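Trainee: here is a sequence with its predicted model. Questions after.
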Amino acid sequence: MSFIKDRLVGTRPAPPVIDQNVGGPLSVQPDSTPRSQVRHVPARSRMEKIGFWVIVVAAIALLLVLMGVLLPPIFGGIATGLYTALFVGSLTLMNLSRPSGWANSLLGRRVFPVLKASEGEILRLSGVNAALTFVFAFSFHVVASVLGSFFAGIIVLGGLVAAGVFYSRARKVIIKP
C-alpha cells in the first residue's frame with residue numbers, strides 16, 4: 001500500500017519545500033518604521049561630559065597605583081625565581097659527562113658527577129629542579145613582600161609540601177601498582 005498519489009514508476013519524488021522563514025522577517029526593514037517612532041538620544045550635557053572624564057581619570061589613577069603596588073613584587077619575583085632556577089638547573093647539569101669534567105677542572109678536585117644516571121634522566125631532573133626552584137623563589141618573593149620573610153617561608157614551604165603530598169596520592173589513585 002502506497003501513500004503517494006499518482007506516483008510514476010522510475011521517477012523520484014520531488015524534494016519537499018522547506019520554508020525556513022516561518023516567523024516573519026528576521027530584521028526590521030528601515031522603511032517599515034515610521035519616522036515619528038524613532039527616538040534620538042539627547043546630546044550630553046556639560047556636567048555629564050565632565051563626570052565622564054573624572055571617572056576616566058580616576059580609573060587611570062587607580063590602575064597606576066595598582067601597577068605601582070602589584071607589579072614590582074611580581075617582576076622582582078620573576079627575576080629572583082629565574083636567577084635561582086638557572087643556578088639550580090646548571091648545578092644539576094654539572095652531573096653530565098662533559099660539564100662534570102669542566103667543573104672538576106675548575107674546582108681543582110673531583111666533585112662531579114654526584115648522580116649515577118643516564119643523560120636523559122639528568123636532563124629531566126635538571127628541568128624539574130629548575131621549575132620547582134622557580135616556583136618556590138617566585139612565590140616566596142611575592143608573599144614575602146606582603147607578609148614578611150618568616151611567614152612567607154612557612155606558607156610557601158607548607159604549600160609545596162601539601163602539593164607534593166597531593167600529587168603523591170593522586171598518582172597512587174590514577175596509577176595503581
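Mentor: Yep, it's here. Residues are numbered from 1 along each chain as shown.

Trainee: check the offset of the helix or strand bottoming out on mean pLDDT in the chain from the chain's centre.
Mentor: In the chain, no helix or strand scores lower on mean pLDDT, DSSP states H and E than helix 149-174, which sits at a mean of 82. Between the centre of helix 149-174 and the centre of its host chain there is 21 Å, according to Cα atoms, centre = their mean, to the nearest Å.

Trainee: could you do stretch 86-105 as well?
Mentor: On Cα atoms, centre = their mean, the centre of stretch 86-105 falls 32 Å from the chain's centre.

Trainee: mean confidence score for it?
Mentor: Regarding stretch 86-105, the rounded mean pLDDT is 88.

Trainee: send over that stretch as PDB, restricted to the C-alpha atoms.
Mentor: C-alpha atoms of stretch 86-105 as PDB (Å, rounded to 0.1, in the frame of the first residue of the first chain):
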ATOM      1  CA  LEU A  86      69.100  28.900  36.300                       C
ATOM      2  CA  PHE A  87      71.700  28.400  39.100                       C
ATOM      3  CA  VAL A  88      70.000  25.200  40.300                       C
ATOM      4  CA  GLY A  89      69.400  23.900  36.800                       C
ATOM      5  CA  SER A  90      73.000  24.500  35.800                       C
ATOM      6  CA  LEU A  91      74.300  22.900  39.000                       C
ATOM      7  CA  THR A  92      72.200  19.800  38.300                       C
ATOM      8  CA  LEU A  93      73.500  19.800  34.700                       C
ATOM      9  CA  MET A  94      77.100  19.500  36.100                       C
ATOM     10  CA  ASN A  95      76.400  15.800  36.500                       C
ATOM     11  CA  LEU A  96      76.500  15.200  32.800                       C
ATOM     12  CA  SER A  97      79.800  13.800  31.400                       C
ATOM     13  CA  ARG A  98      81.200  16.800  29.600                       C
ATOM     14  CA  PRO A  99      80.200  19.500  32.100                       C
ATOM     15  CA  SER A 100      81.400  17.400  35.100                       C
ATOM     16  CA  GLY A 101      84.900  17.300  33.600                       C
ATOM     17  CA  TRP A 102      84.900  21.100  33.100                       C
ATOM     18  CA  ALA A 103      83.500  21.700  36.700                       C
ATOM     19  CA  ASN A 104      86.100  19.300  38.200                       C
ATOM     20  CA  SER A 105      89.000  21.100  36.400                       C
END
